[in-house]
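Engineer: mind looking at a prediction? Sequence and model below.
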Amino acid sequence: MASKEELKEKFSTGKVPTEDDFSELIDGVEGEKGPQGDPGPAGSDGSDGEDGKDGFGTESQYNDIIERLVKIEEIVLTEGESE
């Protein structure tokens, strides 16, 4: 992308500007980046939502999982003995 000065020179010297030159002019020529601005004011706190769940299942779900794990262990141990 041409700099602002390069575009000024091209337009002022009578050189024929290209389609890209016009595109850059229309889109705006970016200059040097300025210094970082000051931080804005802090936003207000949001409203409190409902308390979240603890992530633990019910006792029934826990018992089902343990039962499945015991069955898997039995299958794995039984297969290991037959080899």
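Structural biologist: Thanks, I have it. Because the structure is a prediction, the values reported are computed rather than measured.

Engineer: contacting residues around the lengthiest helix in the chain?
Structural biologist: Taking DSSP state H as the criterion, the chain has its longest helix at helix 59-82. Helix 59-82 is contacted from outside by Gly57, using CB atoms under 8 Å, 6 or more residues apart in numbering. In this view, the C-beta of every residue, glycine as well, is placed from N, C-alpha and C.

Engineer: ok, and for that helix, which residues are buried?
Structural biologist: Buried residues in helix 59-82, counted by 16 or more other CB atoms under 10 Å: none are found.

Engineer: report the mean confidence score over it.
Structural biologist: The average pLDDT for helix 59-82 rounds to 88.

Engineer: go on, stretch 25-42?
Structural biologist: 80.

Engineer: ends of that stretch, how far apart?
Structural biologist: Its start and end residues considered, stretch 25-42 measures 37 Å (CA to CA, to the nearest Å).
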